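Student: just to be clear, the model below is a prediction. Sequence and coordinates:
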Amino acid sequence: MHLLIPAAGSGRRMGSDRNKLLLPVQGKSIFAWTLLAVEAAKTIEWIGVVGQPHDFEDFRAIVAELALTKPVVFIPGGKTRQESVYEGLKALPEVASHVLIHDGARCLATADLLDRCTASLETVDGMIAAISVKDTIKVVDSDLMIQDTPDRSNLWAAQTPQGFRVDLLKQCHAEAVLKGWEVTDDAALFEKCGLPVKIVPGEETNLKVTTPVDMTIAAFILGDRSALL
Ligand code: C5P
């Protein structure tokens, strides 16, 4: 399986002046922890890192230090995650029929989850890891007045990996450019194109490191795992 890592974001919501993926947690960068899970996944054979060129030197140093056995290719990203993924798709080798996309910021995903996502693509053209929501979700207007309370039993929180047939996802990205669609994950593009997307049970610990409190939680979970090794 070919895997793309969108890693071209910034550290804005983290309050950092550099890419948050370069920040350390439990002795390694967020980016390094993500790469280690991908390296450990039996089904992943090729890694495409989509980043901002100014981060490539740091990314290359991290890849070299981890001595990964899998090929890693660096691809210049775009202004949004959506643009970055599209650039990554265009850079995939011709032989890639399917692709997994996994956010660099989700450094707690396990190799087992990545392998389960790969396996699911044997029977579906589009999938995402997701978990059922625990909180009651409110839909609000711009004045924070509640407009709706959707039935929680139907609500799932999207994670990555997300996996797709490459030809179909590329078509959806091309259509999005033409129609000006802006989405925050790839499943949303598949959905907008009327294509089915299946959920694979994700992991409660697979959080996206976004704000400083996520760093504290990630450090705790990774520390706990290291203690088990
Ligand atoms: O900002 P957020 O954490 O939601 O971004 C999700 C993932 O998308 C991160 O791994 C980030 O590096 C990546 N991203 C990207 N290109 C952008 C913005 C975000 O690859 N322009």
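Tutor: Great, that's in hand.

Student: host element of Cys117?
Tutor: In this assignment (DSSP states H and E), Cys117 forms part of helix 111-120.

Student: whoops, I mixed them up, Phe164
Tutor: Per DSSP H and E, Phe164 falls inside strand 156-165.

Student: if you count neighbours, what's buried in that strand?
Tutor: Under the neighbour-count criterion of 16 or more other C-beta atoms under 10 Å, strand 156-165 has Ala157, Ala158, Gln159, Thr160, Pro161, Gln162, Gly163, Phe164, Arg165 buried. From N, CA and C alone the C-beta is placed, and that goes for glycine too.

Student: what's it packed up against?
Tutor: Applying 3 or more C-beta pairs under 8 Å, 6 or more residues apart in numbering; DSSP states H and E, one finds that strand 156-165 contacts strand 98-101, helix 111-120, strand 126-132, helix 186-192.

Student: if we can go back for a sec, how about the helix holding Cys117, which residues are buried there?
Tutor: By neighbour count on 16+ other C-beta under 10 Å, the buried set for helix 111-120 is Ala111, Leu113, Leu114, Asp115, Arg116, Cys117, Thr118, Ser120.

Student: which one of those sits closest to the ligand?
Tutor: Nearest to the ligand out of the buried residues of helix 111-120 is Leu114 (C-beta to the nearest ligand atom; 15.1 Å).

Student: need phi/psi at the closest residue to the closest one other than its chain neighbours.
Tutor: Leaving aside its chain neighbours, Leu114 sits nearest to Ala41 (3.8 Å; criterion: C-beta to C-beta, 6 or more residues apart in numbering). Backbone torsions of Ala41, given as degrees, to the nearest 10, read phi -70, psi 130.

Student: which residues touch Ala41?
Tutor: Contact partners of Ala41, counting by C-beta atoms under 8 Å, 6 or more residues apart in numbering, are Ala111, Asp112, Leu114, Asp115, Thr118.

Student: same thing with Leu189?
Tutor: By C-beta under 8 Å, 6+ apart, the contact set of Leu189 is Gln82, Leu169, Cys172, His173, Glu175, Ala176, Trp181, Val183.

Student: hmm, 6 Å instead?
Tutor: Cys172, Ala176, Val183 (C-beta atoms under 6 Å, 6 or more residues apart in numbering).

Student: repeat for Ala218
Tutor: Contacts for Ala218 (C-beta under 6 Å, 6+ apart) come out as Val25, Leu108, Val209.

Student: my read: the last one touches Arg106, true?
Tutor: Put plainly, it is Val209. No. Applying C-beta atoms under 6 Å as the test, Val209 and Arg106 come out as separate, 7.5 Å apart.
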